[in-house]
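*Asks:* pasting a predicted model and its sequence here:
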Amino acid sequence: MKKSILLTSFDIWLSEQQSNSSNDLLLEVAKCDSLPDGLTFLHQLPVDVELASERVIAKIKELQPDYIICCGMAAKRTQLSLEACASWGESFLHTQVDLAQLVWGARAIEISYDCGKFVCEGLYYSVLDYLGQSQLKADCIFVHVPVLHQENLMDILKDFLLIINKLALS
């Protein structure tokens, strides 16, 4: 049975940015042929932990997806990074998804234990906390996306589609 997946991305947060690579990647995914059924996109979340978390949790309540893939920009990284955990103060929450299995067969994805201490980590923590407290059967991962350009776009897109397809068929 195919799973339903909610995919989220952020808006820009600096005036000199023309786009956010997380949103750019989701726009590229939406153009692909033969995507799994059950994908829902929530583009350009505000770069504010509380506002972004409210929008994502509202969409989770509405859709009841099997998986949530939150995406954020990581301009200094060179490949996709799957975040294993998020913290808020002294509290740490971990994804329940087997990230090692998820990245198996990918070209260049790293598993990261540093979500960045910015809005990305705040959103990830909020979603993991909500899922744990609501006891929904949904799982969440956070993917940091490097700046996309002609040389890396196809490899990053292929790896990201691999993640989507593995989750959709799990």
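*Replies:* Thanks, I have the structure now.
*Asks:* let me see the contact set for the most centrally placed residue in the chain.
*Replies:* The chain has Cys70 as the residue nearest its centroid, 2.4 Å off, counting by CA atoms, centre = their mean. Under the criterion of CB atoms under 8 Å, 6 or more residues apart in numbering, the contact list for Cys70 reads 8, 56, 120, 123-124, 127, 140-143. (C-beta placed from N, C-alpha, C; glycine too.)
*Asks:* of all these, which two lie farthest apart?
*Replies:* The distance between the two most remote of the contacts of Cys70 (CB to CB) is 14.1 Å, for Val56 and Val143.
*Asks:* comparing those two, which shows the higher neighbour count?
*Replies:* Summary of the neighbour comparison: Val56 and Val143, criterion other CB atoms under 10 Å, with Val143 having more neighbours (25 against 22).
*Asks:* what pLDDT does that one get?
*Replies:* At Val143, the pLDDT value in this model is 98.
*Asks:* quickly find the element holding it.
*Replies:* strand 139-145 (DSSP states H and E).
*Asks:* cool, Leu42 as well?
*Replies:* With elements delineated by DSSP H and E, Leu42 resides in strand 39-45, which encompasses its position.
*Asks:* again with Leu82
*Replies:* Remark: Leu82 resides in strand 80-83, with elements defined by DSSP H and E.
*Asks:* which SSE is immediately downstream of that strand?
*Replies:* Moving on from strand 80-83 towards the C-terminus, the next helix or strand you reach (DSSP H and E) is strand 85-88.
*Asks:* can I assume Tyr125 sits in a helix?
*Replies:* Yes: under DSSP: H, G, I helix; E, B strand; the rest coil, Tyr125 falls within a helix.
*Asks:* how near is it to Pro146?
*Replies:* For Tyr125, the distance to Pro146 (CB to CB, to the nearest Å) stands at 22 Å.
*Asks:* distance check, the nearest residue to Asp11 once chain neighbours are set aside against Asn23.
*Replies:* Taking CB to CB, 6 or more residues apart in numbering, and ignoring the residues beside it in sequence, Asp11 has Gln44 as its nearest neighbour in space, at 4.0 Å. As judged by CB to CB, Gln44 and Asn23 stand 6 Å apart.
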